[in-house]
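Novice: Got a sequence here, can you build the structure:
(one chain, ligands or ions: 1)
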Amino acid sequence: MKQTALDMQKKVDSQIESYKEVVASDPYRLHYHLMPPVGLLNDPNGFVCYQGKYHMFYQWNPFKTEHGAKFWGHYVSDDLVHWEEAPYALAPDSWFDKDGCYSGSAIVHDDKMFLFYTGNVKDEAGNRESYQCLAVSDDGVTFEKKGPVIQVPKGYTAHFRDPKVFHQDNQWYMVLGAQTEAEKGEAVLYSSSNLMSWNFKGTLTGSNHNGLDDFGYMWECPDLLQVDGKDILLVCPQGIQPKGFEFQNIFQSGYFAGNVNLDKATFEHGEFVELDRGFDFYAPQTTMDENGRQLLFGWMGNAEEADVIQPTVKHEWIHTLTIPRELEWKDGLLLQHPVHELKKLRKAEIAYKDVLLEVQGKTFEHVNGSVFELLVEPTEMKTEYFSIQIGNSTTISFDQTKEILTLEREKFNGKELEQRHYSLAKLHSLHIFKDTSSIELFVNDGEAVFSARIFDQGEDIVFNAVGPVRLDVTKWGLKRTTAY
Ligand code: FRU
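Specialist: Predicted coordinates:
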């Protein structure tokens, strides 16, 4: 390793070491989610299976709980549940990535791991340049940068980033997030036969394409995949106005389903559907594992200006990834399921079968806590309204008359409540993963998911109904996998 690289490694190690106790003493530190050891985490990157292990990289600023010149942090796992921290994979230490090794992806070829990422470069006046770069590893631990392989093509601004590479029909393909000079967001396609030289194929879809009128000024983090035979483009458009219950977060994360023709770079697709109905979800990334499952992690955050008021900041860290989810295409919807490996975390099962709930304020013995999995399955719902209050300030409610499911939490300012809604005709199941300061709610076996950070104290779980409801309720404690 070069001296400069060794110095940087030392600086990061000493940063982790210096803040280890401050970070570990945070009661909001999560028990089974992937978080930064110190500093800020955002997008999941380079999610891939390599030599029998899962590798997850992430956008990381080790030195501040703010965005900045990003590194690629690195975790490795045998089972998607227990993760070991590895040395960071990429540091912003080259002319082509000096202001950030931005998001990207990994593929495996010839038993080597190839990382594609965006080199972000800014000059003193704040002008931006971006380069799509390659780094290669033959052990999955150390990565050799090969430099830029793609420059921004004509007609696009320097908001050109987040390469996702995949293999199909004996070709390599890359989708990229882009902004045209007219400030329209697009997902563009490249192809390559050798991973080094890339040909621009065209715009797959974008704002003012395929009937999408003014659909955002920039599209970030595209991911093109097949789920149960359906072509799915995941993408994060910026600049979409709220509409009814939709598009309530600052930036959107969702998918288009349809039919791709890679050769012609065309994509006929339906409407944009939000992937997550909660407050904190963005920049998801998928990989297909060795069992053929399409797996997804998201960033449980979004580009809020209000990052600094998250209470974890005083403990020198911020943000987390979601739990791993498996994707399924069924009846015209992309379903998300918690991966079955998460069952390994379960302990102390407690089950109540076919209980009749007719009162407000019902609790069940041992159904409480701040870290748990809870499955609530209504078998009969003769009520207008049903709710579960979790802790002091988080409520999941179902208004059967109006057909609305709602997640309510306390705002990060600790003063007011805020809500996200989803239109739902019939409720079959609520599957909840609660960690100290997060909640992930899977509705009706993954038909809708709500992800949110929540910062409160209480450990009670209280059920309320206006008329009779019959329920099966199962709760598990969940083991801790994180070291600090
Ligand atoms: C999405 C994003 C990406 C970019 C990265 C920088 O959250 O803005 O487009 O590559 O974060 O950290």
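
Novice: The closest residue to Trp95 other than its chain neighbours: how many residues sit nearby?
Specialist: Distances taken as CB to CB, 6 or more residues apart in numbering put Val121 closest to Trp95, at 7.4 Å, once the chain neighbours are dropped. C-beta coordinates here come from the backbone N, C-alpha and C atoms, glycine included. Look at Val121: counted by other CB atoms under 10 Å, it has 19 neighbours.

Novice: Likewise for Phe96?
Specialist: Neighbour count of Phe96, defined by other CB under 10 Å: 18.

Novice: ok, now the one 4 residues further on?
Specialist: Each residue near Gly100 was counted by other CB under 10 Å, and the total is 23.

Novice: how far away is it from Gln59?
Specialist: Separation of Gly100 from Gln59 (CB to CB, to the nearest Å): 8 Å.

Novice: what residues do these two have in common as contacts?
Specialist: Residues touching both Gly100 and Gln59 by CB atoms under 8 Å, 6 or more residues apart in numbering: Lys70.

Novice: sorry, back to before: wait, isn't the residue nearest to Trp95 in contact with Arg128?
Specialist: Yes: the pair Val121 and Arg128 qualifies as a contact (CB atoms under 8 Å) at a distance of 7.0 Å.

Novice: List the buried residues of stretch 200-207.
Specialist: For stretch 200-207, the neighbour count (16 or more other CB atoms under 10 Å) marks Phe200, Lys201, Thr203, Leu204, Thr205, Gly206, Ser207 as buried.

Novice: What are the phi and psi values at whichever residue of the stretch 301-450 of the chain sits closest to the ligand?
Specialist: Residue of the stretch 301-450 of the chain nearest the ligand, by CB to the nearest ligand atom: Ala303 (6.2 Å). Phi and psi for Ala303, reported as degrees, to the nearest 10, are phi -80, psi 60.

Novice: Does Pro338 touch Lys344 like I think?
Specialist: No: applying CB under 8 Å as the test, Pro338 and Lys344 come out as separate, 11.8 Å apart.

Novice: How about the stretch 351-484 of the chain: which residue is closest to the ligand?
Specialist: For the stretch 351-484 of the chain, CB to the nearest ligand atom, closest residue to the ligand: Ser451, 14.9 Å.

Novice: Figure out the helix or strand that that residue lives in.
Specialist: Taking DSSP states H and E as the definition, Ser451 sits inside strand 448-453.

Novice: helices or strands next to the helix or strand following that strand in the packing?
Specialist: Proceeding N to C from strand 448-453, the next assigned helix or strand is strand 461-465, under DSSP H and E. Judged by 3 or more CB pairs under 8 Å, 6 or more residues apart in numbering; DSSP states H and E, strand 461-465 is in contact with strand 385-390.

Novice: ok, the strand it packs on: who's next to it in the sheet?
Specialist: strand 394-399 (antiparallel), strand 461-465 (antiparallel) (DSSP bridges).

Novice: Dump those to TSV, plus mean pLDDT, distance to the ligand and mean neighbour count.
Specialist: Formatted as TSV, the strands paired with strand 385-390 follow (pLDDT from 0 to 100; distance: least, CB to the nearest ligand atom, whole Å; neighbours: other CB atoms under 10 Å):
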stretch	mean pLDDT	distance to the ligand	mean neighbour count
strand 394-399	98	25	20
strand 461-465	96	33	20
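
Novice: What sits closest to the residue most central in space within the chain if chain neighbours are left out?
Specialist: Nearest to the mean C-alpha position of the chain, by CA atoms, centre = their mean, lies Gly298 at 0.8 Å. Of all residues not flanking Gly298 in the chain, Pro284 sits nearest, at 3.9 Å (CB to CB, 6+ apart).

Novice: The helix or strand harbouring that neighbour - contacts with which helices or strands?
Specialist: Taking DSSP H and E as the criterion, Pro284 maps to strand 282-288. With contacts defined as 3+ CB pairs under 8 Å, 6+ apart, the packing partners of strand 282-288 are strand 39-50, strand 218-227, strand 230-238, strand 294-299.

Novice: how far away is Gln151 from Lys184?
Specialist: Relative to Lys184, and taking CB to CB, Gln151 is found at 20 Å.

Novice: Which one of those two is surrounded by more residues?
Specialist: Neighbours per residue (other CB under 10 Å) separate Gln151 from Lys184, with Lys184 holding more: 21 against 10.

Novice: if you skip the residues just before and after it, what's nearest to the more buried one?
Specialist: Leaving aside its chain neighbours, Lys184 sits nearest to Ser207 (4.0 Å; criterion: CB to CB, 6+ apart).
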